[in-house]
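Engineer: my questions are about this predicted structure, shown below with the sequence.
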Amino acid sequence: MDMVIGVVVLAAPLLAIKFKVGSLGLGGLGFIVSIFYVLFCLPFGKLSDRWKRKHLIFIGCFLYFFSSLGISFATNFFHLLIFMALTGIAGAMFWPSLEAWIAERGKGKLIKRISFFNISWSLGISVGPLISGVLFELNYHFPFYFAALISLGVIYLVLKKLPASCEKKEKIAAVDNVLTVKDYFPQKDFSRSRNSSYLHAAWVANFTGWFVVGTIRYLFPKLSVEMGIKPSILGILIFFLSVSQAFFFYVLSRNSRWHYQLFPLVFFQTLGIMGLLLIFFFPSIFIFVFSFVFIGIAGGFTYFSSIFYSLNGTEDKGTKAGIHEVFVGAGGLAGPLIGGIFAQIYNLRIPYLAASLVVLTGIIIEVYLVRNSKIQKV
């Protein structure tokens, strides 16, 4: 399904540019997807705790199919906005429900299940732009036909392969094999506020990470067109961002020393700031590769932290997954909108300087949240 998203989020801004849409309009495109995603993620996440998750996953798949096919028939920017809004609703149904379902499976540790999930979606969103860029050069309708076709394939998998619900014993097993903050630091008796401070810091980091991703997804195509970069080359650049994220997901799955630690969160976000500043100061394809790799690694760490702390040792997994995805959507909403405004007023590179300042602000908030939480000595 993230291959579908990877196809659409590259081709939709390029189609908007074909409709003569400026930077502010591109920011609005990212805003409309994310606002509907943010508004519906938490309600659908809570609903998945009470209703069969498979039903929401199926409906989300169908809406992805309908929106992808609808975009292919869009003849103006208004049509594009309508179907991209539907894409946001589809994601709000699909992702929190799927994440909660994965957390409930009893085979293996939670960290392993989350790792496989993160690697799979990031590989999907890595391949999607590669395919999308090539197909868009052939015909701008083709990427959306392809996305609709893949959505049908996912619908088949959901109907034929995905269990309707988890067995009670599997849910119990999933809770039994998770580690809490006390397991990582047995010499200290962490208060509840200390435990939740890492979760809240990770949510802030996740917001800033997707602020950056949203800025790149919806505004970087405009910069690439101005620089004369072909859609196929643009797809390769976006591929480097996502595949570095997937690789880092694998690295994080093999090491637990970063769990409930502040320094790695700050360090990798700083690496992301470096990537953003490279885009701002050195606009060249060669430098963009390094920039996207740095940003992908940073985004991989912030996303992994957020989803792990959201699902680790919690009963209301659907709700927590919904909140996690709300921060994903909020970042994806704010990035294109704010970046689009700056690009319209100043130039096409200034959004990346603004994004670096947002990440820096997020780091300051995260440090405050963790450092000011209470620790009770044994």
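Structural biologist: Noted; the coordinates are in hand.

Engineer: what segments of the stretch 251-378 of the chain are strands?
Structural biologist: 375-377 (DSSP state E, counting those that start in this stretch).

Engineer: for it, give me the ranges with low pLDDT.
Structural biologist: 313-317, 374-378 (pLDDT under 70).

Engineer: likewise for the stretch 101-250 of the chain?
Structural biologist: 105-108, 162-195.

Engineer: and for residue 300, the neighbour number?
Structural biologist: For residue 300, the number of neighbouring residues by other C-beta atoms under 10 Å comes to 27. From N, CA and C alone the C-beta is placed, and that goes for glycine too.

Engineer: list the contacts of residue 29.
Structural biologist: 12, 13, 16, 21, 80, 81, 84, 218, 336 (C-beta atoms under 8 Å, 6 or more residues apart in numbering).

Engineer: in TSV: these, plus distance to residue 100, secondary structure and neighbour count.
Structural biologist: Formatted as TSV, the contacts of residue 29 follow (distance: C-beta to C-beta, whole Å; DSSP: H, G, I helix; E, B strand; the rest coil; neighbours: other C-beta atoms under 10 Å):
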residue	distance to residue 100	secondary structure	neighbour count
12	28	helix	29
13	31	helix	26
16	33	helix	23
21	36	coil	19
80	31	helix	22
81	30	helix	19
84	25	helix	25
218	28	helix	31
336	27	helix	32
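
Engineer: taking the residues you listed together, which two end up most distant?
Structural biologist: 80 and 336 (13.9 Å; C-beta to C-beta).

Engineer: helix or strand for the closest residue to residue 344 other than its chain neighbours, just tell me which one.
Structural biologist: Closest residue to residue 344 apart from its sequence neighbours, by C-beta to C-beta, 6 or more residues apart in numbering: residue 24 at 4.4 Å. Per DSSP states H and E: residue 24 is located in helix 23-50.

Engineer: tell me which residues in that helix are buried?
Structural biologist: 23-42, 44-49 (16 or more other C-beta atoms under 10 Å).

Engineer: try stretch 352-359
Structural biologist: Under 16+ other C-beta under 10 Å, the buried positions of stretch 352-359 are 352, 353, 354, 355, 356, 358, 359.

Engineer: surely the first one touches residue 279?
Structural biologist: Yes. The criterion here is C-beta atoms under 8 Å, and residue 352 meets it with residue 279 at 4.4 Å.

Engineer: joint contacts of those two?
Structural biologist: By C-beta under 8 Å, 6+ apart, no residue touches both residue 352 and residue 279.

Engineer: report the contact partners of the residue nearest to residue 335 when sequence neighbours are not counted.
Structural biologist: Leaving aside its sequence neighbours, residue 335 sits nearest to residue 214 (C-beta to C-beta, 6+ apart; 3.2 Å). Going by C-beta under 8 Å, 6+ apart, residue 214 touches 30, 34, 331, 332, 333, 334, 335, 336, 339.

Engineer: residue nearest the centroid of this protein?
Structural biologist: In the chain, the residue lying closest to the centroid (C-alpha atoms, centre = their mean) is residue 328, at 5.5 Å.

Engineer: ok, for that residue, nearest residue in space, not its chain neighbours?
Structural biologist: Nearest to residue 328 is residue 210, by C-beta to C-beta, 6+ apart, at 4.9 Å.

Engineer: quick one: contacts for that neighbour?
Structural biologist: 299, 303, 327, 328, 329, 330, 331, 332, 335.

Engineer: that one: helix or strand, and which one exactly?
Structural biologist: helix 192-226.

Engineer: so how far is that helix off the chain centroid?
Structural biologist: 8 Å (C-alpha atoms, centre = their mean, to the nearest Å).

Engineer: so for that helix, what gets flagged as buried?
Structural biologist: 194-195, 197-225.

Engineer: cool, and stretch 135-144?
Structural biologist: For stretch 135-144, by 16+ other C-beta under 10 Å, it's 135, 136, 137, 140, 141, 142, 143, 144.

Engineer: these: which two are farthest apart?
Structural biologist: 137 and 144 (14.3 Å).

Engineer: now the angle between helix 192-226 and the host helix or strand of residue 7, please.
Structural biologist: Element membership of residue 7, judged by DSSP H and E, is helix 2-18. Using axes from the mean of the first three to the mean of the last three C-alpha atoms, to 10 degrees, one finds that helix 2-18 and helix 192-226 are set 50 degrees apart in direction.

Engineer: angle of helix 2-18 against helix 23-50?
Structural biologist: Using the same axes, to 10 degrees: helix 2-18 against helix 23-50 is 150 degrees.

Engineer: ok so, going back, would you mind measuring from the residue nearest to residue 335 to residue 259?
Structural biologist: Separation of residue 214 from residue 259 (C-beta to C-beta, to the nearest Å) stands at 27 Å.

Engineer: over to residue 113?
Structural biologist: On the measure of C-beta to C-beta, residue 113 and residue 259 end up 15 Å apart.

Engineer: what do you get for residue 340?
Structural biologist: 36 Å.

Engineer: and residue 77, by the same measure?
Structural biologist: 45 Å.

Engineer: who touches residue 319 in this structure?
Structural biologist: 42, 45, 46, 49.

Engineer: what's the local residue count around residue 364?
Structural biologist: Other residues close to residue 364 by other C-beta under 10 Å number 11.

Engineer: where's it relative to residue 215, distance?
Structural biologist: Relative to residue 215, and taking C-beta to C-beta, residue 364 is found at 20 Å.
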